[in-house]
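Colleague: Structure for the following, please:
(one chain, ligands or ions: 1)
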Amino acid sequence: MSSDFTLRDLAARVKERAAASADVSYTRKLLDKGIGHCAKKMGEEAVETVIAAVSESDERVASEAADMLYHLLVVLEARGIPFSEVETALARRTGMSGLEEKAGRVRA
Ligand SMILES: N=c1c2ncn([C@@H]3O[C@H](COP(=O)(O)OP(=O)(O)OP(=O)(O)O)[C@@H](O)[C@H]3O)c2ncn1[C@@H]1O[C@H](COP(=O)(O)O)[C@@H](O)[C@H]1O
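Modeller: Numbering: from 1, shown residues only. Down below sits the predicted model:
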């Protein structure tokens, strides 16, 4: 089964819910705890995705990946980084192999 719902839609939803009250929004609740907490939650979801990838069902991998992407978008929101910046970074890399992109990387 596929869906028309995109990551860009979810990023917009996260931004919208950041303006809600923490009583009704998990997103706002996370943001109120600060970037450290949001980043930690993202890390936990990343680890859960890794564990699912090596030892669990396809459905579990997809579900954990969805959690991880949501928490990544919350981290971007906490940092005030628009999702369009991530899209721009990805777009810049299309048409170039991952090896070329890696070779051209400048460390901050
Ligand atoms: N996509 C998600 C999404 N994915 C995962 N999660 C939540 O992320 C949490 C991660 O799982 P955990 O087991 O770590 O949860 P937990 O132990 O309850 O979390 P903590 O109490 O430790 O924070 C769960 O509570 C999930 O419900 C999400 N919460 C929200 N969204 C999206 O964000 C939108 C806005 O949500 P609200 O801000 O709550 O309105 C929703 O409509 C969804 O589209």
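Colleague: contacting residues for Thr49?
Modeller: Shown in contact with Thr49 (CB atoms under 8 Å, 6 or more residues apart in numbering): Val61, Glu64, Ala65, Asp67, Met68. In short, each C-beta sits where N, CA and C put it, glycine included.
Colleague: For it, which non-adjacent residue is closest in space?
Modeller: Glu64 (4.2 Å; CB to CB, 6 or more residues apart in numbering).
Colleague: Where does the one you found sit, in terms of helix or strand?
Modeller: Following DSSP states H and E, the helix or strand that holds Glu64 is helix 58-79.
Colleague: Buried ones in that helix, by neighbour count?
Modeller: 61, 64-65, 67-78 (16 or more other CB atoms under 10 Å).
Colleague: do you know how far the closest residue to Arg79 other than its chain neighbours is from Val75?
Modeller: Nearest non-adjacent residue to Arg79, counting by CB to CB, 6+ apart: Ile35, 6.4 Å away. Per CB to CB, to the nearest Å, Ile35 is found 7 Å from Val75.
Colleague: How about Glu44?
Modeller: Distance, Glu44 to Val75, using CB to CB: 12 Å.
Colleague: Nearest to the ligand among the buried residues of helix 58-79?
Modeller: Relative to the ligand, the closest of these is Tyr70; by CB to the nearest ligand atom it sits at 3.6 Å.
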